[in-house]
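K.L.:
Dropping a prediction and its sequence here:
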Amino acid sequence: MVDGVDRPIVVGVDGSSSATQAVRWAAREAARRSAPLRIVHVCTLVPVAVPHAVALGPYQHVLEEQGGQWLEEAAAAAKETAPDVVVSTELSGGWAAEQLVGRSASSELVVLGSRGLGGFTGLVVGSIAVAVATHGHCPVVVVRGTNLHTEPRHDGPVVVGADGSATSQAAIAFAFQAAFSRGVPLVAVHAWSDLPITTSWKLTADWRSIQQQESTVLSQWLAECQAQYPHVPVEQAVARDRPAHILLDHAKSAQLVVAGSRGRGGFRGLLLGSTSQALIYHAACPVAIVPPPRP
């Protein structure tokens, strides 16, 4: 609760099966957080030049009617999944990414499916997810699974990537809360591999020493949250590997993978970090992208 107002969990829908999975995931999360759930559909009109603009009236009406039906179906799925959650719906116009980014400023979480009606992850909803995760003011969850026809798994640990950046610390805090609310272990992954292969091979003999040092550093990054959540079991995974590769590997057996919107050296307002994008497009479980802490 912030300033006496409950921040809702917002989920965007478009009538696709992927969006329905996102609604069910968001409803469960709203129940865990005792938060209201707001289901949003954005009607986007294709720009039409005069004199054809006169035909937009009936076209807009059809879009709004279809959007209203999708919202009703989504609300029914949410209530079936989490009957005690307070659910509201909202039909608006404009561009989906812009509308969702705007709502993220007053939301606890924004949730999206991994694919829309077009089925092109990198072209339709994928691009919206990247835009919202890049510019959103709150954590963004992209609900992914092993395939389009199976709901994401609800067992397995929560996995988080850690690199010592401020955004990474925010991701760690989010991941601990998620693991605690689910009653599952947390796997903290630190990939130590910023060097090119031609350089890193020379360090093979010292790898055990480096791994011990990096494990100590990871423990320091986790210490504050471990003290806050002492009953959450924590497993550390320090690897000499690319961050995206090791996180995608751990995501195969996880129910949620968490990463910061940018790692070391990242600049807010530029493109989403490459590791976060890789997770959005390829992870086998839902992905939470966490922005830097609110000022």
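P.N.:
Great, that's in hand.
K.L.:
okay, CA-based contacts and neighbour counts for the rest of this
P.N.:
Fine.
K.L.:
can you pull the contacts of Thr150?
P.N.:
Counting by Cα atoms under 8 Å, 6 or more residues apart in numbering, Thr150 makes contact with nothing.
K.L.:
so is it in a helix, a strand, or just coil?
P.N.:
The three-state label given to Thr150 by DSSP: H, G, I helix; E, B strand; the rest coil is coil.
K.L.:
Likewise for Asp155?
P.N.:
coil.
K.L.:
That one and Leu256 touch, don't they?
P.N.:
No - counting by Cα atoms under 8 Å, Asp155 sits too far from Leu256 to count as a contact (9.3 Å).
K.L.:
Between those two, which is the more surrounded one?
P.N.:
Leu256 (31 against 13; other Cα atoms under 10 Å).
K.L.:
With Arg153 as the reference, measure out to that one.
P.N.:
When distance is defined by Cα to Cα, to the nearest Å, Leu256 is 9 Å away from Arg153.
K.L.:
Ala105 now?
P.N.:
Using Cα to Cα, Ala105 is found at 29 Å from Arg153.
K.L.:
if we look at the sheet, which residues does the residue nearest the centre of the chain bridge to?
P.N.:
Nearest to the mean C-alpha position of the chain, by Cα atoms, centre = their mean, lies Val141 at 2.1 Å. With DSSP bridges as the criterion, the beta-bridge partners of Val141 are Val111, Ala288.
K.L.:
confidence score at it?
P.N.:
pLDDT for Val141: 96.
K.L.:
how about it, what does it touch?
P.N.:
Contacts here follow Cα under 8 Å, 6+ apart; on that basis Val141 touches 109-112, 286-289.
K.L.:
Of those residues, which is the most crowded?
P.N.:
Taking other Cα under 10 Å as the neighbour criterion, Leu112 ranks highest of these with 31 neighbours.
K.L.:
where do the strands sit along the stretch 1-150 of the chain?
P.N.:
Counting by DSSP state E, counting those that start in this stretch, the segments of the stretch 1-150 of the chain that form strands are 9-12, 37-43, 87-93, 109-113, 140-143.
K.L.:
Now tabulate these in TSV and tack on distance to Leu218.
P.N.:
Output for these, formatted as TSV (distance: least, Cα to Cα, whole Å):
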stretch	distance to Leu218
strand 9-12	31
strand 37-43	35
strand 87-93	39
strand 109-113	26
strand 140-143	24
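K.L.:
Nothing else from me, thank you.
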